[in-house]
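A.B. asks: Below are the sequence and a predicted model; questions follow.
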Amino acid sequence: MSDAVVTPSELARRTVRRSDFVSCNRAFIDCRTPGSDRKENYAMIGPGVSQSADQHVNLRLPHGYNIGAAAMPHGITNNLHLHYTAEVFICTGGEYLLRWGVDGTEGELTLRAGDIASVPTWIFRGFTNTGPDDGWLFTVLGMDDTGGIIWGPSVLREARDHGLHLTTGNDLVDTVAGDPLPPESELVGPLAQEHIDRLRHYTPEEMRRRIAAADELVFSEHPFLDSTLPGGGARLSCVIGYGMTEDPHQEPRVFNPHGHNVAWLRAEPGQGVSQHRQHETQTLIVKDGLWEVTLNRTDPVPVRLGPR
């Protein structure tokens with residue numbers, strides 16, 4: 001098997017810095033609903049579930065998953081909706097209140113910096129920024145084509161009062177801006193009650209098991225073959241799936257298949273992970289510190305990554 005060689009220009013294309021993030025404030029049908037009208041939606045890898053043709057996407061190269069982010073001032077809410085594929089929240093700053101159920105009353109849990117939450121498919125979920133204005137939620141969505149989302153019935157009804165409609169082709173129609181209103185048969189309506197009644201319910205205890213809180217993470221001291229070698233020594237906490245661990249005793253917080261894995265990597269200055277290769281795509285998101293990543297066996301190409 002021949003080695004892939006990454007050029008400096010290709011590495012630059014695949015490196016998305018914080019200064020490259022571009023928000024879309026009209027990504028969803030609730031963008032005019034009071035209390036939800038100041039949301040920012042970001043799409044770093046793939047378009048995610050954005051419903052706006054104006055959504056900026058940093059990297060459209062298929063990875064087998066989508067990565068984006070949600071940001072909003074204190075008190076602003078992302079309304080109830082459900083996903084067809086896995087949705088994972090990675091809170092790197094601030095505090096968010098996660099709620100679920102068709103009316104948001106089945107349960108609530110708080111996410112804080114360093115927490116990761118895996119929300120099941122086919123369950124209505126929403127969240128509110130209960131922390132500072134600069135809170136940040138990265139999102140990992142399963143598959144290259146996420147299939148879009150289904151909004152809660154009340155969200156669609158309120159959006160119509162503000163001139164916003166959604167077509168069956170996932171296009172946002174803004175009649176206030178002059179968009180023609182398609183026939184009713186081409187518009188998305190509320191999910192039928194008979195289908196809502198068939199959705200699974202999750203207790204707070206069940207959802208709590210799908211959250212890896214920062215103060216509960218379990219790190220393997222020897223997750224890799226190079227753990228005791230010079231330049232190695234990084235520690236790994238498996239959150240979703242076994243990922244790249246080589247520790248036969250390590251277990252992830254969440255086991256069920258997502259189509260991707262999520263883990264925390266931690267290292268002291270001078271430590272890291274030695275040169276290695278894997279078949280799957282890999283995305284590194286830096287929460288703290290300064291990291292140098294070097295690609296290629298020969299003709300090394302380095303890049304330095306930080307949280308900002």
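C.D. replies: Thanks, I have it.
A.B. asks: Could you check the pLDDT of the closest residue to Q275 other than its chain neighbours?
C.D. replies: Of all residues not flanking Q275 in the chain, R297 sits nearest, at 6.9 Å (Cβ to Cβ, 6 or more residues apart in numbering). Just so you know, the C-beta spots here come from the backbone N, C-alpha and C atoms, and that holds for glycine as well. At R297, the pLDDT value in this model is 93.
A.B. asks: next one: D3
C.D. replies: Listed pLDDT for D3 reads 81.
A.B. asks: Now the closest residue to it other than its chain neighbours: phi and psi?
C.D. replies: Leaving aside its sequence neighbours, D3 sits nearest to R297 (Cβ to Cβ, 6+ apart; 5.4 Å). Listed backbone geometry of R297 is phi -70, psi -40, with angles given as degrees, to the nearest 10.
A.B. asks: Near R297, how many other residues are there?
C.D. replies: 10 (other Cβ atoms under 10 Å).
A.B. asks: is it true that it touches S2?
C.D. replies: No: using Cβ atoms under 8 Å, R297 makes no contact with S2, being 10.6 Å away.
A.B. asks: separation between the closest residue to R235 other than its chain neighbours and I116?
C.D. replies: Once flanking residues are discounted, R235 sits nearest to F219: 4.2 Å by Cβ to Cβ, 6+ apart. From F219 across to I116, the span is 14 Å (Cβ to Cβ, to the nearest Å).
A.B. asks: Same check on E206?
C.D. replies: For E206, the distance to I116 (Cβ to Cβ) stands at 16 Å.
A.B. asks: same thing with V6?
C.D. replies: For V6 relative to I116 (Cβ to Cβ), the value is 28 Å.
A.B. asks: Those two: which is more packed in?
C.D. replies: Legend: neighbour count by other Cβ under 10 Å for V6 and I116, higher for I116 (26 against 16).
A.B. asks: Next up, phi/psi of that one, please.
C.D. replies: phi -130, psi 130.
A.B. asks: mind listing the strands for the stretch 201-308 of the chain?
C.D. replies: 211-212, 235-240, 262-266, 291-295, 301-305 (DSSP state E, counting those that start in this stretch).
A.B. asks: Tell me which other helices or strands the second one touches.
C.D. replies: Taking 3 or more Cβ pairs under 8 Å, 6 or more residues apart in numbering; DSSP states H and E as the contact definition, the neighbouring helices and strands of strand 235-240 are strand 116-119, strand 262-266.
A.B. asks: For it, list the C-alpha coordinates in PDB.
C.D. replies: In PDB, the C-alpha atoms belonging to strand 235-240 read as follows (Å, rounded to 0.1, in the frame of the first residue of the first chain):
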ATOM      1  CA  ARG A 235      -3.600  10.100  26.900                       C
ATOM      2  CA  LEU A 236      -7.000   9.200  25.300                       C
ATOM      3  CA  SER A 237     -10.600   9.200  26.500                       C
ATOM      4  CA  CYS A 238     -13.000   7.300  24.300                       C
ATOM      5  CA  VAL A 239     -16.400   9.100  24.300                       C
ATOM      6  CA  ILE A 240     -18.200   7.500  21.300                       C
END
